[in-house]
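K.L.:
have a look; sequence and predicted model below, questions after that.
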Amino acid sequence: MASDVVKVVPLTCHGHSRPVPHLSFSSLVEDDQYYLISACKDNNPMLRDGITGDWIGTFLGHKGAVWQARLSIDANVAATAAADFSAKVWDTHTGECLYTLSHNHIVRAVAFPIQNNPQVLATGGQEKKLRIFDLSRTESANGNSSIQSSSNNNANNNNNNSNNGNTGSSSATSYEIGPGVHKSTIKSIVWNQDYNILTTAAEDGKIRWWDLRSRHPVVEYNVEGTIGSCELNTLATMPNEPGILSVAAGKSVYFFDGAKPGLLLKKVDFPYEVASVAVNQETGRFVTGGAGENTWARVYDLHSNEELEVQKGHHGPIWSISYSPDGKLYGTGSEDGTIKLWKACREPYGLWR
């Protein structure tokens with residue numbers, strides 16, 4: 001059965017010079033606008049218009065590879081996790097580095113609550129600690145971090161106007177959830193629809209759901225193979241749905257109920273390694289990103305698991321996939337240093353009009 005989506009050329013977003021391990025969209029903001037942020041091993045996370053992929057700015061200040069980047073629900077604040085032993089919080093309008101949160105090892109994951117409270121941030125990484133920071137009790141960093149903006153002069157556009165990245169560390173109020181429980185690197189953190197529930201995905205293949213009130217895991221699930229991605233998939237067009245937690249690991253993807261910790265909805269096995277996965281509940285589709293020699297994105301029917309499309313274009317593993325908040329497109333971030341936006345609807349949309 002052929003897909004009912006007409007094949008179109010994807011939008012390719014250039015600008016990064018090294019692999020893109022993570023990308024994520026904001027929710028819908030004013031006039032159905034939304035934004036895209038990408039993490040990159042070139043140390044420079046980027047902010048883009050989510051619909052067109054147009055570059056808005058580059059956050060300057062990290063001194064190591066940026067592993068993960070997320071936007072708050074209202075897109076006013078961004079958070080990044082990096083190999084320079086820090087997480088940073090940014091003002092997306094001015095590009096100012098609001099906070100530099102120092103850690104004792106590489107930070108791999110950050111997460112804001114999806115209840116629109118950008119004053120709280122969860123972090124994790126090679127410290128093997130899940131930390132919660134209260135940013136309302138944090139002194140701002142007095143450093144020179146900034147955003148290189150597309151509205152600046154040509155010198156900026158030519159990457160000639162850089163800063164020295166001397167960001168001061170912020171003294172933040174934080175506490176650890178479940179000391180000693182994680183035995184390996186935390187690769188991803190997801191804040192659930194229930195504010196008190198967090199999900200972590202670790203390098204040892206364990207998915208854990210945590211209750212912030214007890215600070216203990218309530219459910220633990222072992223997946224097969226190395227975890228590539230772990231994300232909560234929600235759509236602005238389906239506000240009453242709890243979403244689906246999707247996990248890519250080894251040659252399988254796992255779909256968990258977004259409201260019931262540990263409840264596995266289905267597991268799908270493939271003949272190839274899967275690095276990433278994203279779900280669109282409204283259209284009943286999911287997309288996988290290949291690892292290893294398999295560098296394609298594949299679209300499947302969520303109910304029958306039938307392959308509907310094969311999207312070719314990347315020249316390296318696809319480490320991250322995310323649907324836009326309206327479900328009309330999805331973005332892929334690859335080892336090849338590019339981001340591609342793929343049309344996921346039948347009607348004219350964005351630059352495909």
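P.N.:
All right, it came through fine. Residues are numbered from 1 along each chain as shown.

K.L.:
can we go C-alpha only for contacts and neighbour counts from here?
P.N.:
Fine.

K.L.:
stretch 50-60: end-to-end distance?
P.N.:
Length of stretch 50-60, first residue to last, CA to CA, to the nearest Å: 20 Å.

K.L.:
starting at the chain centroid, how far to it?
P.N.:
15 Å (CA atoms, centre = their mean, to the nearest Å).

K.L.:
ditto for stretch 32-40
P.N.:
Distance, centroid of stretch 32-40 to centroid of chain: 10 Å (CA atoms, centre = their mean).

K.L.:
can you mark which positions in that stretch are buried?
P.N.:
Buried positions in stretch 32-40, judged by neighbour count with 16 or more other CA atoms under 10 Å: Tyr34, Tyr35, Leu36, Ile37, Ser38, Ala39, Cys40.

K.L.:
from these, which is closest to Phe286?
P.N.:
Nearest to Phe286 among the buried residues of stretch 32-40: Leu36, at 19.4 Å, using CA to CA.

K.L.:
partners of the closest one in the sheet?
P.N.:
Legend: beta-bridge partners of Leu36 under DSSP bridges are Phe25, Arg48.

K.L.:
and it, what pLDDT?
P.N.:
Here the pLDDT value assigned to Leu36 is 97.

K.L.:
ditto for Thr138
P.N.:
Value for Thr138, per-residue pLDDT: 67.

K.L.:
all strands of the stretch 151-300 of the chain, in order?
P.N.:
With DSSP state E, counting those that start in this stretch, the ranges of strands along the stretch 151-300 of the chain come out as 173-177, 186-191, 197-202, 206-211, 216-222, 227-233, 244-249, 252-257, 264-269, 274-280, 285-290, 297-301.

K.L.:
show me what the fifth one is in contact with.
P.N.:
This means strand 216-222. Under the contact criterion CA atoms under 8 Å, 6 or more residues apart in numbering, strand 216-222 has outside partners Ile177, Gly178, Gly205, Lys206, Ile207, Arg208, Trp209, Trp210, Asp211, Pro261, Gly262.

K.L.:
among these, which pair sits farthest apart?
P.N.:
Gly205 and Asp211 (19.7 Å).

K.L.:
start to end distance for stretch 45-61?
P.N.:
10 Å.

K.L.:
for it, which residues meet the burial criterion?
P.N.:
Using 16+ other CA under 10 Å as the burial criterion, the residues of stretch 45-61 that qualify are 45-61.

K.L.:
could you pull out the helices in the stretch 51-200 of the chain for me?
P.N.:
Assigned helices in the stretch 51-200 of the chain, in chain order: 154-157 (criterion: DSSP state H, counting those that start in this stretch).

K.L.:
quick one: low-confidence residue ranges for it.
P.N.:
For the stretch 51-200 of the chain, the stretches flagged by pLDDT under 70 are 138-172.

K.L.:
hmm, back to that, need the strands of the stretch 151-300 of the chain in a markdown table with mean neighbour count and distance to Pro21, can you?
P.N.:
As requested, the strands of the stretch 151-300 of the chain are exported to a markdown table (neighbours: other CA atoms under 10 Å; distance: least, CA to CA, whole Å):
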| stretch | mean neighbour count | distance to Pro21 |
| --- | --- | --- |
| strand 173-177 | 17 | 25 |
| strand 186-191 | 25 | 11 |
| strand 197-202 | 24 | 15 |
| strand 206-211 | 22 | 19 |
| strand 216-222 | 15 | 23 |
| strand 227-233 | 25 | 10 |
| strand 244-249 | 25 | 14 |
| strand 252-257 | 22 | 18 |
| strand 264-269 | 14 | 23 |
| strand 274-280 | 30 | 10 |
| strand 285-290 | 24 | 12 |
| strand 297-301 | 20 | 15 |
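
K.L.:
what's the most distant pair in the buried residues of stretch 32-40?
P.N.:
Spatial extent of these (CA to CA) is set by the pair Tyr34 and Cys40 at 20.2 Å.

K.L.:
tell me how far Thr92 lies from Met46.
P.N.:
Applying CA to CA to Thr92 and Met46 gives a distance of 10 Å.

K.L.:
now Ala278
P.N.:
According to CA to CA, Ala278 stands 21 Å off from Met46.

K.L.:
over to Leu263?
P.N.:
As judged by CA to CA, Leu263 and Met46 stand 35 Å apart.

K.L.:
do Ile56 as well
P.N.:
8 Å.

K.L.:
what's the answer for Gly243, then?
P.N.:
Distance, Gly243 to Met46, by CA to CA: 26 Å.

K.L.:
Glu127 now?
P.N.:
In this view, Glu127 and Met46 are 26 Å apart by CA to CA.
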